[in-house]
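In: any chance you can model this:
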Amino acid sequence: MSSTTPQRFRIFATENSEYFAQELVRRLGGGYMRIIHKVFGDGERYYRVDITDRQELIGLDAVIVSSATSDLEILEIFRVGCELAALGTRRRIFVIPFLGYSTMERAVKPGEIVTAKANARLLSAIPNCGLGNTFMFCDLHVNGIMQYFEGSCQCMELYAQAPLIKAIQTHIISKLGPGNEAIFGSADLGRPLWVESFANYFHTSIAFIRKRRDMEDTRVIGTPIGDVKDKTVIIYDDMTRSGKTLINAAESYLASGAKQVMAVLSHFALNNDTIIDVLEKSCISLIISTNSHPMSQNPKVRASSKFVIVDVADVFMHKITDSYVQENMCVTPPPL
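Out: So this is what the prediction gives:
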């Protein structure tokens with residue numbers, strides 16, 4: 001931790017994100033404080049900030065860590081945030097490495113609920129006393145979600161690109177033999193600028209996949225755009241949940257002559273353990289992802305040589321420590 005950073009904060013975590021909070025504690029110090037959870041017989045949930053005196057947190061900054069993977073996690077962020085405001089914390093910093101419901105950021109069919117907007121309004125209602133509330137996200141599915149937050153809270157998107165680039169260099173680029181050319185590709189047409197930014201950094205060409213989606217069912221349309229023959233295709237996508245889009249894209253690249261296919265993800269947001277086995281048996285040679293989602297900590301993932309998990313706690317640590325040097329925090333620059 002920077003010597004200019006006062007030891008005036010405490011770190012908290014929702015139930016599934018303690019692993020990420022502990023990474024921040026290791027870097028920042030400041031102390032970890034538990035949230036005690038209980039569930040009553042009727043399903044009602046009980047929470048308690050583990051303090052011995054109501055004066056204990058007055059004037060301190062609270063860092064609340066949560067990968068918001070479910071309704072329960074989002075409600076817990078809201079409930080814990082409200083209590084920490086009531087306990088007199090000076091400021092509340094919400095570290096949200098993964099934001100669930102981010103694919104429901106707009107309505108397509110009549111009557112569809114824009115859940116991302118509803119959740120943003122809920123979190124915006126956390127009392128903004130003292131120096132207020134700051135929400136930090138990582139590699140949002142849609143940047144515009146930050147515009148759904150209301151009132152005087154601050155929102156910023158941080159980027160995992162630098163640690164991902166380091167992992168790509170270490171685990172892929174440096175291991176390619178002579179004549180084994182790399183090319184960056186998409187899983188669909190949703191992240192073309194990100195694919196281009198990685199390609200620009202490593203001075204490679206690019207390829208794209210066209211995809212048609214019907215709810216959770218996806219299929220590739222036609223052949224890849226771009227020449228992948230005899231090349232190592234590195235697919236970038238912001239997240240995978242069912243693995244279908246990723247695997248379909250990989251199969252399409254291989255069918256078009258690619259030598260091998262690897263994948264780089266911002267969020268390893270798998271729906272369940274079974275998908276780990278599906279990806280393990282798939283045609284994808286290697287999958288690099290961040291630790292933004294609790295599924296990245298699954299023992300099956302940790303035990304498999306196919307998965308490389310990249311820690312992005314440093315990305316948040318640097319922004320938090322910078323905030324003590326510059327009280328007026330600002331959004332980080334766009335990706336490379």
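
In: any buried residues in stretch 67-83, and which?
Out: Neighbour-count burial for stretch 67-83 flags S67, A68, T69, E73, I74, L75, E76, I77, F78, V80, G81, E83 (criterion: 16 or more other CB atoms under 10 Å). No exception for glycine: its C-beta is placed from N, CA and C like everyone else's.

In: next one: stretch 286-299
Out: Buried residues in stretch 286-299, counted by 16+ other CB under 10 Å: 286-298.

In: same question for stretch 198-214.
Out: Neighbour-count burial for stretch 198-214 flags F198, A199, T204, I206, A207, F208, I209, R210, K211 (criterion: 16+ other CB under 10 Å).

In: quick one: mean pLDDT for it?
Out: For stretch 198-214, the mean pLDDT works out to 88.

In: do stretch 317-328 as well
Out: What stretch 317-328 shows for mean pLDDT is 76.

In: check contacts around D50.
Out: Listed by CB atoms under 8 Å, 6 or more residues apart in numbering, the contact partners of D50 are M33, R34, I35, I36.

In: for it, give me the pLDDT.
Out: Looking at D50, the pLDDT reads 96.

In: what is the neighbour count of the closest residue to it other than its chain neighbours?
Out: Leaving aside its sequence neighbours, D50 sits nearest to R34 (CB to CB, 6 or more residues apart in numbering; 4.1 Å). Neighbour count for R34, taken as other CB atoms under 10 Å: 12.

In: R34 and V80, how far apart?
Out: Distance, R34 to V80, by CB to CB, to the nearest Å: 11 Å.

In: check Y47 too.
Out: Distance of Y47 to V80, computed by CB to CB: 6 Å.

In: what do those two both touch?
Out: What both Y47 and V80 touch, as defined by CB under 8 Å, 6+ apart, is the set I35.

In: all strands for the chain, in order.
Out: For the chain, strands defined by DSSP state E occupy the ranges 9-13, 35-39, 45-49, 61-65, 91-96, 133-138, 154-158, 182-186, 206-214, 217-225, 232-240, 260-268, 287-290, 307-310.

In: neighbouring strands of the second one in the sheet, and parallel or not?
Out: Strand 35-39 has the following sheet partners, assigned by DSSP bridges: strand 45-49 (antiparallel).

In: quick check: pLDDT value at the residue nearest to D50.
Out: 95.

In: how about T332?
Out: T332 carries a pLDDT value of 45.

In: same check on the one 4 residues further on?
Out: Per-residue confidence for L336 comes out at a pLDDT of 45.

In: again with V220
Out: pLDDT, V220: 70.

In: could you do M146 as well?
Out: Reported pLDDT for M146: 94.

In: still on that earlier bit, dump the strands of the chain into a markdown table; add distance to I145 as well.
Out: Output for these, formatted as a markdown table (distance: least, CB to CB, whole Å):
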| stretch | distance to I145 |
| --- | --- |
| strand 9-13 | 22 |
| strand 35-39 | 25 |
| strand 45-49 | 26 |
| strand 61-65 | 18 |
| strand 91-96 | 11 |
| strand 133-138 | 8 |
| strand 154-158 | 9 |
| strand 182-186 | 21 |
| strand 206-214 | 19 |
| strand 217-225 | 22 |
| strand 232-240 | 13 |
| strand 260-268 | 14 |
| strand 287-290 | 18 |
| strand 307-310 | 23 |
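
In: that'll do, ta.
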